[in-house]
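Chemist: got a sequence here, can you build the structure:
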Amino acid sequence: MSTPPSPLRCLVVDDDPLSVQIVINCINNTPFLTTVGSFDSALAAAEVLRNQPVDLLFLDVEMPLMSGLDLLSTLQNPPMVILITSSKHYAVEAFEHDVVDYLVKPISYARFLKAAQKALELSETDASTATATTNAVATSTDPDFTFVKVDTKLVKVLFNDVCYVEALGDYVHIVMPHSKLIVYSTMKAVEEKFPTSVFVRAHRSFIVNLKRVQAIEDNTITIENKQIPIGQTYLRDVLQRLNKF
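Modeler: A predicted model of the protein is given here:
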């Protein structure tokens, strides 16, 4: 019998005591989450985040002295993040910081649970990917193609032709210089098909072909004039892979 996974360790950072208590209550009512602490300022939380294992950070955006987004910018290896906001206009900035989701106050448990489940699924996917990458051995006998299902037919995809893969809802777009395939699939399934010797996850929504990278600037990859964001959680791995490529 397999051992059940450990609950995600959660830290709450918000200068509103009522909001903190609401989030902690939600965490306590969610079996796959556990609270490891709370802080009323980003400054107070910064040192703990650098030294204490945290899987999921519930982070208020608007706080005095240092905002939640400022805090994220200081962390080299941030945990998964769910932003807590009073305004929806932070959605674009949330995407740039590669957060799991953002909750708009007042927070309902139903909306909280939806965000938490996203974090759980992402955690499980990342763990699976890490295991697959560790076990993968790139050899000269690796296949240089795969087949994907497009509508009712199987289409051959040459790995060298692929520039990047983009997740869009329930579909992924496999993009080549002069064409693209729209496939009903998950990013996890694509990662399992594509060789880790050539492809790397750069963002929750993007997998890139290292051979096709033309430039990197300001945490953005350029491939075929497409600007692809590098998620904070993937930045170190992307840079290390490119340096060794």
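
Chemist: only C-alpha atoms for contact and neighbour calcs from this point on.
Modeler: Fine.

Chemist: distance of the residue nearest in space to the middle of the chain relative to Leu11?
Modeler: For the chain, the residue nearest the mean C-alpha position is Arg204 (4.1 Å; CA atoms, centre = their mean). As defined by CA to CA, to the nearest Å, Arg204 lies at a distance of 22 Å from Leu11.

Chemist: follow-up on the earlier one: pLDDT score assigned to the residue nearest to the centre of the chain?
Modeler: pLDDT, Arg204: 87.

Chemist: next: Thr139.
Modeler: pLDDT, read off for Thr139, is 35.

Chemist: next: the one 3 residues further on.
Modeler: Looking at Asp142, its pLDDT reads 52.

Chemist: can you check Asn219 too?
Modeler: Each residue has a pLDDT score; the one for Asn219 is 86.

Chemist: now do the contacts for the residue lying closest to it once chain neighbours are set aside.
Modeler: Distances taken as CA to CA, 6 or more residues apart in numbering put Ile230 closest to Asn219, at 5.3 Å, once the chain neighbours are dropped. If a contact means CA atoms under 8 Å, 6 or more residues apart in numbering, then Ile230 has 202-203, 219-221 as its contacts.

Chemist: apply 6 Å and report the result again.
Modeler: Each residue near Ile230 by CA atoms under 6 Å, 6 or more residues apart in numbering is listed here: 202-203, 219-220.

Chemist: how about Ala42?
Modeler: Met66.

Chemist: rerun at 10 Å
Modeler: Listed by CA atoms under 10 Å, 6 or more residues apart in numbering, the contact set of Ala42 reads 13-15, 49, 59-72.

Chemist: of these, keep whichever come out buried.
Modeler: Buried members of the contacts of Ala42, counted by 16 or more other CA atoms under 10 Å: 13-15, 49, 59-63, 67-69, 71-72.

Chemist: could you list the domains of the protein?
Modeler: Here the domain parsing of the chain from automatic domain parsing is 8-134, 145-244.

Chemist: my read is Pro37 is in a strand, agree?
Modeler: Just so we're on the same page, residue 37 is Gly rather than Pro. Yes. Counting by DSSP: H, G, I helix; E, B strand; the rest coil, Gly37 is found in a strand.

Chemist: low-scoring stretches of this structure, by residue?
Modeler: 1-5, 89-97, 125-142, 244-245 (pLDDT under 70).

Chemist: now do the buried residues in stretch 152-171.
Modeler: Buried-residue list, stretch 152-171, by 16+ other CA under 10 Å: 157, 159, 161-167.

Chemist: appreciated, that's everything.
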